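1. heads up, no residue letters with this:
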């Protein structure tokens, strides 16, 4: 089994994601951050830690080289294993009107690959606001799934927010459907997917083979 931050798989299926690099030293991280552009995020590139943010494995809004080196040192103290597995340096994604979604799937013994969409980020396990379909899905299937969510009004621009680019979200769902059928993982999660009026970006990925 493999459980990892596999952003190369997202590139293969043309799923939008921030620029990133996996680094095995503070020096490499500093060089990568300079190329990517501040602010950046530091994440432990661990195959065993699932809820990285809950365990102090994610550092947000790293604004300069000094903060980056201090952050790398802090992660090394918390997770000595990063000397082998490395740290993910990723462009920080910010949007005032963004909605955080989860797009993913799992392999069901009876139905095969199932795709899921729902309210993401820290709210996944709190509200369980999700919708499922059997793969493959069509564009109309994806639209129906979104409309089934209690959080759908947020995508339409509730409470003064700008409406999210629902077409971009649907395109990502269709690409995830293709990925699930082709790669046949046991589980696959993009969480969060940051959706705003400009499009959507998958910030974190988990793959279990």
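-> Nice, I can see it. Since we're looking at a predicted model, the values are computed, not measured.

2. quick check: domain ranges of the protein?
-> Using automatic domain parsing, the domain ranges for the chain come out as 19-91, 99-208.

3. do you know which of those lies nearest residue 13?
-> Residue 13 sits nearest to domain 99-208 of all the domains of the chain, at 4.7 Å, using CB to CB. The C-beta positions use only the backbone N, C-alpha and C, and glycine is treated the same way.

4. tell me how far that closest one is from the chain's mean position?
-> Centroid displacement of domain 99-208 relative to its chain, using CA atoms, centre = their mean, to the nearest Å, is 11 Å.

5. ok, now stretch 201-209?
-> A distance of 5 Å separates the centroid of the chain from that of stretch 201-209, by CA atoms, centre = their mean.

6. Contacts for it next, please.
-> Contact with stretch 201-209 is made by 1-7, 9-10, 15-18, 43, 50, 90, 93, 103-104, 172, 183, 185-194, as judged by CB atoms under 8 Å, 6 or more residues apart in numbering.

7. Buried ones in the helix or strand containing residue 116, by neighbour count?
-> According to DSSP states H and E, residue 116 maps onto strand 112-119. For strand 112-119, a neighbour-count test (16 or more other CB atoms under 10 Å) marks 113, 114, 115, 116, 117, 118, 119 as buried.

8. and what of stretch 84-102?
-> For stretch 84-102, by 16+ other CB under 10 Å, it's 85-93, 95, 97-102.

9. remind me which residues of the chain are low pLDDT?
-> For the chain, the stretches with pLDDT under 70 are 1-5, 47-51.

10. I figured residue 164 hits residue 198, correct?
-> No. Applying CB atoms under 8 Å, one finds residue 164 not in contact with residue 198, separated by 9.2 Å.

11. quick one on the thing from earlier: got the buried residues of strand 112-119 as JSON lines, with distance to residue 71 columns?
-> Output for the buried residues of strand 112-119, formatted as JSON lines (distance: CB to CB, whole Å):
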{"residue": "113", "distance to residue 71": "37"}
{"residue": "114", "distance to residue 71": "37"}
{"residue": "115", "distance to residue 71": "35"}
{"residue": "116", "distance to residue 71": "32"}
{"residue": "117", "distance to residue 71": "32"}
{"residue": "118", "distance to residue 71": "30"}
{"residue": "119", "distance to residue 71": "29"}
